[in-house]
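In: need coordinates for the below:
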Amino acid sequence: MGSETRIGDVAQAAGVSIRTVSRVLNKSPKVNAATRAKIEQAIAELNFRPSARARALALRRSFLIGLIHNDRNALVLDAIQRGVSALAAANGYEVIVHSTPLEAAEAIRDVLDFVERSRVDGLVVLPPVSGVTGLGAALAAQPIRAVALSSVGLEGFSEVLINAEREAGADVARYLLELGHRDLGLVNGPADTASATERRAGFLAEAARAGAKVREAPGDYDFASGVAAAEHLLGTGARPSAIFAANDIMAAGVLKVAAARRIAVPGDLSVIGFDGSLLTRMLSPSLTSVLRPFGEMAALAAERLIARIEERAPPERRLPTMRIVPAESTGPAPVA
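Out: Alright, predicted model coming up:
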């Protein structure tokens, strides 16, 4: 029967009302298990495919969710999009990806305009956009359901999933200290982003507890800033024995400068990044990095958003933890 099958045919085959079939299709908890099983069997036998448009009209929903970002790192964004899209598809939703500026007034206007144009049922908001001042409150005022990812607490969003990036920064310092490094370099991310400030704070606090020396250089999460920072840190006679770059792309810049200056990695210099992206395995030597499972994190945010849209209890699962994945770019501190 295929595409000619109608919801009424399913209801007749299962011996229930069209409304009861509709409840099953829309995952309503108001149908008992035995009736649900009978309807699902009829759906399978008749190869029934409900009309997405009809379902959306009936529930006054679009079955679209927006993914809001401002991420220049294609490797990170690809993993996030894959994670969100797979989770959304499994729940009958589609994803619209939207890049937005970071200036507060422009960002708020842009996101609100996007919601009005696209008619999405809710938003997953990624950092650094989630940290835009006033965005959460503006969405709540509409009201627009929005689940945010962040490394710090935020106000206004339906829910905020917090990545423990300060703790991860401290883990990096401990890892290098355990390898015997006491003269450390730090390539920071943008000073106006919470992720960079949290990673820096954790790293510096742990290094200070151990009495280690830290030399800092500014960065912007891009390759050129990693190169510039490495030139600064490695261009003097007294250079650090280990450098923590606040993302993998800047760490790649550090490795490039080390190679150009004939500084052996990890014999004379250990290098560690942050993200655990595909890039870590493409570099030579392979890069030690903090694995940040962004695809899983974003998928969990989408899962919790869909639960809020459908007014059901969200899943109990927690954000996956971040961990250091050792590779070829780190080793014991060189003997003086």
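
In: give me the low-pLDDT residue ranges for the stretch 201-336 of the chain?
Out: For the stretch 201-336 of the chain, the stretches with pLDDT under 70 are 336.

In: what does stretch 127-137 rub up against?
Out: The contact list for stretch 127-137 (C-beta atoms under 8 Å, 6 or more residues apart in numbering) reads 68-70, 100, 102, 104, 107-108, 111, 125, 146, 148-152, 154-157, 160, 190, 193-195. Where C-beta positions appear, they are placed from N, C-alpha and C, glycine not excepted.

In: would you show me how to pick out the buried ones of the residues you listed in PyMOL?
Out: Of these, the buried ones go into a single PyMOL selection, burial set by 16 or more other C-beta atoms under 10 Å:
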select buried, resi 68+69+70+100+107+108+111+125+146+148+149+150+151+152+154+157+160+190+193+194+195
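
In: in a strand, that's where Leu161 is, yeah?
Out: Yes: membership of Leu161 in a strand is supported by DSSP: H, G, I helix; E, B strand; the rest coil.

In: ok, it touching Leu319?
Out: Yes: Leu161 lies in contact with Leu319 (C-beta atoms under 8 Å); the separation is 5.5 Å.

In: looking at those two, which is more packed in?
Out: Neighbour totals were compared for Leu161 and Leu319, and Leu161 leads with 18 against 15 (other C-beta atoms under 10 Å).

In: from Ile108, how far off is that one?
Out: 21 Å (C-beta to C-beta, to the nearest Å).

In: now swap in Val271 and tell me
Out: Taken as C-beta to C-beta, the span from Val271 to Ile108 is 39 Å.

In: quick one: the strands in the stretch 201-336 of the chain, in order.
Out: Applying DSSP state E, counting those that start in this stretch to the stretch 201-336 of the chain gives strands spanning 213-217, 242-245, 270-275, 288-291, 323-325.

In: swap in the stretch 1-150 of the chain?
Out: Using DSSP E, counting those that start in this stretch, the strands of the stretch 1-150 of the chain run over 64-69, 94-99, 122-125, 146-150.

In: any chance of these in TSV, with mean pLDDT and distance to Thr330 too?
Out: Formatted as TSV, the strands of the stretch 1-150 of the chain follow (pLDDT from 0 to 100; distance: least, C-beta to C-beta, whole Å):
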stretch	mean pLDDT	distance to Thr330
strand 64-69	94	30
strand 94-99	94	34
strand 122-125	95	34
strand 146-150	93	28
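
In: many thanks, have a good one.
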